[in-house]
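Asks: sequence first, predicted model second:
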Amino acid sequence: MRFLNYILTFSVLLAFCFSATAQRPKVNRAERLMGQHNYAAAIDIYLGILDKGNNDDATIGIAECYRRIGNPDETEYWYGLVSRMPNAPQKSWLYYAQALQRNGKYNEAKTWAEKYVSEIEPNNTQAMWLIKSCEEDVVQDLRASGKLYKVSPVDEINTENDEFSPMYFKNDLVFVSARERKASVKRFNRWSDEDDKPFTEIYTSKRNQIGEPEDYEYNYSKVEKFSKSLSSKYHDGPLSFNAEFNEIYYTRSNMEKSDDKIIRLKVYQSKGTPNKYSEPRPLPFNSDEYSVLHPSLSDDGDVLFFASDMPGGFGGYDLYASYLEDGRWSPPVNLGPTVNTEGNEVFPYHHESGTLYFASNGLVGMGGLDIYKTTENYNTWSDPINLGYPINTVDDDFGFIINDEQTHGYFSSNRKGKGGDDIYTFTKLSVTIEIRVYDEETKMPIESADVFTPCSEVQNFLTNQDGTIIMELPLNKACDFAAEKLGYQPNSVRLSSKNEPPGKTLYVQIPLKLECIFSVSGTIVDGFTNDPVDSALVRMRSFCGNEEDELSMYTDAEGKYLFRDVREDCDIKVTVEKPGFTKGSVTFKTGTECGQNVAGLDTIVQSIPLYCFGPLCENDSTNTGGIKPPIDPDSEKCVLDSISLPDGVVRVEYCDGTAKEIATNGKITDITETGERKDRPTIGSAELINIYYDYDKASIRRDARKGLDDLITILEVYPEAKIKITSHTDARGKKGYNKRLSKRRAESVVRYLMDKGIDKSRLRAKGMGEEVMINGCYDGVECSEEQHQENRRTEFMIIEFIPPTFGDGKSKKPDEIKTNACNGCPEASEVEGEIDTIESSTEDF
């Protein structure tokens, strides 16, 4: 029986080997068809092979055909199979992730892209951009521009076939289409998986404006061939005109195959008018060995942008520029890694303003090809900006053009419409804001300055090397723009788009003044013996304009204290106290001019004598030596240690022997010296939980909004309740910067609550900087990112509570809200740092 099983097994394997060998010629034929872009025929052959049994080459081939066609559903299915093969091609995981992203499966796409980066190609930028594109915040940010554009299909032009790559020709619209020809012989387009699609040709339709000019409403005449003299038996594709419309540059499929039998694309030039164009002249950088396609001529006619897969690029197709020099086109110049990626950059369009629009599947995007814009300064292209939804979707979006006023335009997309690719029109409902941050004294731009605005879902921006940021602002909005950079004083300006026409560019100048940074230090001594006093509590209060702040620390064994990063032109009061000594204090003002001794850092020395009294003069039992951690702002007690307990509970132990424990749900339990435990009262079944921030960001994360909305519910049920808002940073970065960052975090919470209808008189907010770490991650302590994340937080506390009355004048509560008496809650006057000047910065007109 065992021998029979062996014979049967051997027979099956032998049959499989013969079958696989027999299929090899068919696989080779399908691969040749793919090289000729005849994907429909290649798919038929691969499916026929698979009908005979499993074949890895056929499975891989059909997956690649669907990927090149741009069919995300089929690509996901087939590359899902390929990706799970034991010896799957290296790129298959990346292609599978791309298909998942296009189908809106962001978590799965991120998982496969991360697998590709970690196990195959760690430095693949296309994969890393894809991972970032699948993060929830990025997805939401890209969709946040939905109110900035009005988008609709051009139904008079679109058919069940492909219409794409629109271009202006005077007042008419010219575009590429694969609609049916009326000739007796049909020349079909084999790029598609549909066998009944004809070759592409160039068509036109006259535009007739209806309604008011600012409405940009058009009707379109009957579609006709653009020029009979340009018609050919080949694919004629995306095109560009010169400013006088007497030259045309267009894409055409190659008349000859390359050495590897692949049909390439070339760019041709013709002169004349649609009635009579000259014979097409190929441009000098065309080649039979690679493709040159999608030309776009600059307004002055001196630069031609195009896409190509010529050797030496960064990925699949890159963008290039050729310069007209003495009547000849120069060798192509790659636009560089800022624009080009390991993916495909195609369909460039150069606007007369100097902005270059293009499509890419290698940058942070929504999936497939997305449309981006970039500008050139000092021979360097700026970081591309994704135009966002609804211009971009998870489908392929490309072939973008916009009018001179930058208010209205067209693009093509294979989103669900009449057919494959359709043409869409858009109208801008926004103005463009160009923000420039510069040094007030030198007038030089400041790179990597942080710009914050509540008027955008993306609330934080970084300036580029020119100190600029470009963003869109909705019409009829007033908006604050705040800028800051380490070493500079923050500054903000307000801009209004009221009565401004859509598409207009408004300019914002934000000068920053160098910050004079001081430190305050001194020695606390016994007034009788002149000996240093250690473990004395030193508090420094600073009054800088409308801002008030307080820092505290203990003196070290030599009686010394030091406060760093003290701002200029501030009134300072330093107070010192220690049990058994009289209190001491000193007041002074920081200067307005930086010192010359230590690179703009002045040390203000303030030594204060304390006078001993009582029994502690003989034996100071409070001397524990060294500098103590800061004061807990909640209890105003000295913190000895912070310990993480099981179940996420944090225990804070104080110098006086008491402690408190903070549960993950925000519940706080106070513990006396004798170990007696007492739970603090809470309000509502929706508990006051901390919210958290991304590194160096002050904007409210989406995962924090539920906690804030729960808090709003409590404040609406209890209209007399007031809350204390305390924001913190981690210990990375300078203390002064972190102090300001924490204030911005507190302000963002206040602004969010006010926007939801909570009166600011009920809110007390303070930024603590890096003073209070819940897990001991102070300066110089090595901590994980997860531990730093725990410290980037805002905490909430009920500080006033009067139960509401309902109808009969007696205090009642809804059933779903649980309340306890708020015994021992601090009075509002005990809470420092009230934000009393915050205004809404998104005022409607």
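Replies: Alright, I've got the coordinates. Residues are numbered from 1 along each chain as shown.
Asks: mind checking the SS state of residue 523?
Replies: At residue 523, secondary structure determined by DSSP: H, G, I helix; E, B strand; the rest coil is strand.
Asks: the helices in the stretch 651-800 of the chain, which residues?
Replies: 702-717, 735-755, 785-791 (DSSP state H, counting those that start in this stretch).
Asks: hey, which of the ones you listed is tucked in deepest?
Replies: Looking across those with neighbours counted as mean count of other CB atoms under 10 Å, the highest average goes to helix 735-755: a mean of 21. C-beta here means a position set from N, CA and C on the backbone, and glycine is covered the same way.
Asks: for it, packing partners?
Replies: Using 3 or more CB pairs under 8 Å, 6 or more residues apart in numbering; DSSP states H and E as the contact definition, the elements that helix 735-755 packs against are strand 478-484, strand 560-567, helix 702-717, strand 722-727, strand 763-767, strand 793-800.
Asks: quick one: average confidence on it?
Replies: Across helix 735-755, pLDDT averages out at 86.
Asks: that one vs strand 793-800, what angle?
Replies: When axes from the mean of the first three to the mean of the last three CA atoms, to 10 degrees is applied, the directions of helix 735-755 and strand 793-800 differ by 60 degrees.
Asks: the stretch 201-350 of the chain: strands as residue ranges?
Replies: Counting by DSSP state E, counting those that start in this stretch, the segments of the stretch 201-350 of the chain that form strands are 201-210, 217-220, 224-225, 236-241, 247-257, 263-273, 276-277, 281-282, 292-297, 303-308, 318-325, 328-329, 333-334, 345-350.
Asks: surely residue 390 is in a helix?
Replies: No - the assignment for residue 390, made by three-state DSSP, is coil rather than a helix.
Asks: next one: it relative to residue 411, how far apart?
Replies: 10 Å (CB to CB, to the nearest Å).
Asks: which one of these two has more residues nearby?
Replies: Remark: of residue 390 and residue 411, residue 411 carries more neighbours, 27 against 20, as counted by other CB atoms under 10 Å.
Asks: what's the closest non-adjacent residue to that one?
Replies: For residue 411, the nearest residue in space outside its immediate sequence neighbours is residue 400; the separation is 4.3 Å by CB to CB, 6 or more residues apart in numbering.
Asks: what's the angle from whatever helix or strand the one you found lives in to strand 292-297?
Replies: Following DSSP states H and E, the helix or strand that holds residue 400 is strand 397-402. Angle, strand 397-402 to strand 292-297, by the same axes, to 10 degrees: 10 degrees.
Asks: remind me what the following helix or strand past strand 397-402 packs against, helices and strands.
Replies: Note on strand 397-402: by DSSP H and E, the next helix or strand toward the C-terminus is strand 408-413. With contacts defined as 3+ CB pairs under 8 Å, 6+ apart, strand 408-413 has these neighbours: strand 163-169, strand 397-402, strand 422-428.
Asks: out of the ones you listed, which is the most enclosed?
Replies: Comparing those by mean neighbour count (mean count of other CB under 10 Å), strand 397-402 ranks first with a mean of 25.
Asks: any residues touching that one, and which ones?
Replies: Under the criterion CB atoms under 8 Å, 6 or more residues apart in numbering, residues 164-168, 238, 346-347, 349, 351, 357, 359, 368-371, 387, 391, 408-413, 415 lie in contact with strand 397-402.
Asks: do the same with stretch 121-128
Replies: Outside stretch 121-128, the residues that touch it by CB under 8 Å, 6+ apart are 90, 94, 97, 113, 116, 117, 315, 341, 342, 343, 361, 362.
Asks: go through the residues you listed and name the one nearest residue 474.
Replies: If you rank these by distance to residue 474 using CB to CB, residue 361 comes first, at 29.0 Å.
Asks: how about residue 475, nearest residue that isn't a chain neighbour?
Replies: Nearest one to residue 475, counting by CB to CB, 6+ apart, is residue 497 at 5.6 Å.
Asks: that neighbour - how many residues pack around it?
Replies: Residue 497 has 23 nearby residues by other CB under 10 Å.
Asks: that one against residue 472, yeah?
Replies: No - taking contact to mean CB atoms under 8 Å, the distance of 10.0 Å between residue 497 and residue 472 leaves them out of contact.
Asks: give the intersection of the neighbour lists for the two.
Replies: Common neighbours of residue 497 and residue 472 are listed as 430, 431 (criterion: CB under 8 Å, 6+ apart).
Asks: could I get the helices of the stretch 651-800 of the chain as CSV with distance to residue 140?
Replies: As requested, these are arranged in CSV below (distance: least, CB to CB, whole Å):
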stretch, distance to residue 140
helix 702-717, 6
helix 735-755, 16
helix 785-791, 20
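Asks: what segments of the stretch 1-150 of the chain are strands?
Replies: Along the stretch 1-150 of the chain, counting by DSSP E, counting those that start in this stretch, strands occupy 149-153.
Asks: tell me the contacts of residue 394?
Replies: For residue 394, the set of contacting residues under the criterion of CB under 8 Å, 6+ apart consists of 72, 101, 102, 103, 104, 366, 367, 368.
Asks: looking at those residues, which is nearest residue 323?
Replies: Nearest to residue 323 among the contacts of residue 394, with distances taken as CB to CB, is residue 368, at 31.7 Å.
Asks: what about that closest one, how many residues nearby?
Replies: Residue 368 has 23 neighbouring residues, counting by other CB under 10 Å.
Asks: about what we covered before: okay, the angle between the strand holding residue 400 and strand 163-169?
Replies: Between the axis of strand 397-402 and that of strand 163-169 there is an angle of 10 degrees, by the same axes, to 10 degrees.
Asks: mind checking how far strand 397-402 is from the chain centre?
Replies: Put simply, strand 397-402 sits 22 Å off its chain's centre (CA atoms, centre = their mean, to the nearest Å).
Asks: could you list the paired strands of it along with their orientation?
Replies: Within its sheet, and counting by DSSP bridges, strand 397-402 is paired with strand 408-413 (antiparallel).
Asks: who touches the partner strand?
Replies: 154, 163-166, 173, 175, 216, 371, 391, 393, 395-403, 421-428, 503.
Asks: same thing but 6 Å
Replies: Judged by CB atoms under 6 Å, 6 or more residues apart in numbering, the contacts made with strand 408-413 from elsewhere in the structure are 164, 166, 216, 395, 397-403, 421, 423-427.
Asks: any low-confidence regions in the stretch 501-650 of the chain?
Replies: Low-confidence segments of the stretch 501-650 of the chain (pLDDT under 70): 546, 591-636, 638-644, 646, 648.
Asks: rerun at 50
Replies: Where the stretch 501-650 of the chain drops to pLDDT under 50, the residues are 595-603, 611-630.
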